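Participant: Here's a sequence, model it:
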Amino acid sequence: MSPTDETITDDPGPPYLFVDLYSKDLGPHPPWSVLPRTPGFCGAILKAYEGMKFDDGGWFRDNWQAVRDVGGDRYCTSWFRGAYLFLKFAQSGGDQADAYLQAVEAAGGWDRGDILPVIDVELGSETNSNRRATAQQVIDCTTACAGRLREQTGRNVMLYGRGAMRDLEINDRMGCDVVWNPAYTSTMVRHGLEAWGLDDIALWQYCGDGQAAYDKLPSEVPGFGKIDISVYVQGAEPPTLEALRHRLVGAPSPLPG
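Facilitator: The predicted structure follows:
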């Protein structure tokens, strides 16, 4: 049975908000139990891996199950978790996909309330080796990674990012199906995502480290901390929980030809 086959009995209504964290954000054991009790929040997305070799001291392994558990009966209906891979463009995209999937498996594996695999495509800090990548390297690496993830999981793939595509003038979907758009602006800027339409954007990361120009949604979670926050978006349509589950958790659809 797919998530969309079930009756939704605990729809809190929009906005549908997600936090995303990595090991250096809020320490080894973030207070996850705060989130399900906070109106609007319906899940968390964690950094699972980076490149081919990654050591977060067991942070992802320790917190992957914790995020699922705090959702209780809401898990898979109105509470979700996700895992992302920070891609290194000088390394094999396919091999990085395998390393990421192995990290998720080692932490307990995927379950039916988990968001699509996420590829983080960004240049990073000034010292990051990704800064030296060409547009073609980014395209080739991301496309290979998305292809391997799709092959191994049978699921659609989400791309996180915008700045790399903007700065390198990339106009290519790179094998990805939906987009998670970081834009810490008063309206959702889309420059850099010209390969995708508005309907392809499923998450807008409007808040970074507790800072947000968009003031109609929360910029921090009391009792949890200042973190990145994203909101589910559905093009020009009002967002619904059923559509969220179908787009972010549901079965894959064919890539455009």
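Participant: Mind giving me the packing neighbours of the top helix by length along the chain?
Facilitator: Longest helix of the chain, by residue count under DSSP state H: helix 135-153. Helices and strands touching helix 135-153, as assessed by 3 or more C-beta pairs under 8 Å, 6 or more residues apart in numbering; DSSP states H and E, comprise helix 93-106, strand 118-120. Quick note: C-beta positions are derived from backbone N, CA and C, even for glycine.
Participant: Put the alpha carbons of that helix into CSV.
Facilitator: What follows is helix 135-153 as a C-alpha-only set of coordinates in CSV (Å, rounded to 0.1, in the frame of the first residue of the first chain):
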residue,chain,number,x,y,z
ALA,A,135,29.5,23.4,-15.3
GLN,A,136,30.0,20.1,-17.2
GLN,A,137,31.5,18.4,-14.1
VAL,A,138,28.5,19.4,-12.1
ILE,A,139,26.1,18.2,-14.7
ASP,A,140,27.9,14.9,-15.3
CYS,A,141,28.3,14.1,-11.5
THR,A,142,24.8,15.0,-10.6
THR,A,143,23.2,13.1,-13.5
ALA,A,144,25.2,10.0,-12.7
CYS,A,145,24.3,10.2,-9.0
ALA,A,146,20.6,10.7,-9.7
GLY,A,147,20.6,7.8,-12.2
ARG,A,148,22.2,5.4,-9.7
LEU,A,149,19.8,6.5,-7.0
ARG,A,150,16.8,6.0,-9.2
GLU,A,151,18.1,2.6,-10.4
GLN,A,152,18.8,1.4,-6.8
THR,A,153,15.7,2.7,-5.1
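Participant: per-residue confidence averaged over that helix?
Facilitator: For helix 135-153, the mean per-residue pLDDT is 98.
Participant: cool, and stretch 245-257?
Facilitator: 65.
Participant: The stretch 51-200 of the chain: helices as residue ranges?
Facilitator: Along the stretch 51-200 of the chain, counting by DSSP state H, counting those that start in this stretch, helices occupy 59-71, 93-106, 135-153, 163-167.
Participant: out of the ones you listed, nearest to residue 246?
Facilitator: Residue 246 lies closest to helix 135-153 among the helices of the stretch 51-200 of the chain, at 16.7 Å (C-beta to C-beta).
Participant: Also compute the angle for that closest one relative to helix 93-106, please.
Facilitator: 40 degrees (axes from the mean of the first three to the mean of the last three C-alpha atoms, to 10 degrees).
Participant: The closest residue to residue 122 other than its chain neighbours and residue 247: what is the separation?
Facilitator: The shortest distance from residue 122 to any non-neighbouring residue, by C-beta to C-beta, 6 or more residues apart in numbering, is to residue 161 (4.6 Å). Look at residue 161 and residue 247: by C-beta to C-beta, to the nearest Å, they are 18 Å apart.
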